[in-house]
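Asks: Test case, fold it:
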Amino acid sequence: MCYIIEMKKSEHEGLRTWVEIDTKAIASNYRAFRKIISKKVLMLGVVKSNAYGHNIIEFAHELEKLGIDMLAVDSLVEGLAYCRSFEKAYTRES
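Replies: Numbering: from 1, shown residues only. Predicted structure coming up:
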């Protein structure tokens, strides 16, 4: 699942390619899976390989907001990048 979460037209104007992620679809998919699995089952969001090239940080944060139980990354580097994103977020809010 994850990426550039919602680009304004001005941000991709003139570019030949870009990715737009529908956060409503992510939420809808998340809720659909939650409905079919037992409440005792934990859900793992796979964001490995930079969320398949779509920005691990933004996608993982979106899953966190929805209540995902765990995230899977493909390396220590990705895990640390994700953890550091929280440090930056808290620093900006202070």
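
Asks: Residue 85 is in contact with residue 64, isn't it?
Replies: No: judged on Cβ atoms under 8 Å, residue 85 makes no contact with residue 64 at a distance of 10.3 Å. (C-beta placed from N, C-alpha, C; glycine too.)

Asks: where in this protein is pLDDT low?
Replies: Within the chain, the segments meeting pLDDT under 70 span 1-13, 15, 17-18, 88-94.

Asks: could you pull out the strands for it?
Replies: 44-46, 70-72 (DSSP state E).

Asks: Indicate each strand paired with the last one and its parallel or antiparallel sense.
Replies: Strand 70-72 sits in its sheet next to strand 44-46 (parallel), going by DSSP bridges.

Asks: So which bits of the strand it pairs with are buried?
Replies: For strand 44-46, the neighbour count (16 or more other Cβ atoms under 10 Å) marks residue 45 as buried.

Asks: next one: stretch 40-58
Replies: The neighbour-count check on stretch 40-58 (16+ other Cβ under 10 Å) flags 45, 47, 50, 51, 54, 55, 56, 57, 58 as buried.

Asks: Any idea how far stretch 42-50 is from the middle of the chain?
Replies: Put simply, stretch 42-50 sits 9 Å off its chain's centre (Cα atoms, centre = their mean, to the nearest Å).
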